[in-house]
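>>> here you go, sequence then predicted model.
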Amino acid sequence: MIVGMKSEAFRAFLSNQREAYRKISKVYCRVLNSFISFNSEGFRHLTHNGLGKSRNHGDTARRFHLFPRAVSIIREASEISKHTFIGTIEYWRLEKGKTAVILRKVGNGHIHFYSIMDKR
């Protein structure tokens, strides 16, 4: 894990993760019959919480450790484990094993990757 990593090394780690994230672009999700975008909002949520505050290095590293599973979870999902609306924002939760992926759609926008986490 990256816990205790110096700021310079952590910035290099994030730069590598950002490059890998950008290469994905979009993934088809059968259960939603839609392409899921991997945009800057999803990347930002991996490094910041919903209020915009930076996550600690350990939490950020844990999410990036889980991140390689996101594409297969989105592609292979056969059911939606949770679907909610908060105002004009729509969320979907897809699960596989002990990992959950959150997808989000704001207003009339496109569905995009929003987060990945250990199931609780």
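That came in fine, so what should we check first?
>>> state the distance from residue 19 to residue 60.
16 Å (C-beta to C-beta, to the nearest Å). Placement of C-beta: from N, CA and C, glycine included.
>>> comparing the two, which residue is more hemmed in?
Using other C-beta atoms under 10 Å as the criterion, residue 19 and residue 60 rank with residue 60 on top: 19 against 9.
>>> neighbours around residue 23, how many?
Residues near residue 23, counting by other C-beta under 10 Å, number 8.
>>> try the one 5 residues further on
Applying other C-beta under 10 Å, we find 11 residues neighbouring residue 28.
>>> ok so it is a strand residue?
Yes. Counting by DSSP: H, G, I helix; E, B strand; the rest coil, residue 28 is part of a strand.
>>> need the nearest residue in space to it, chain neighbours excluded.
Distances taken as C-beta to C-beta, 6 or more residues apart in numbering place residue 35 nearest to residue 28, at 5.4 Å, with adjacent residues excluded.
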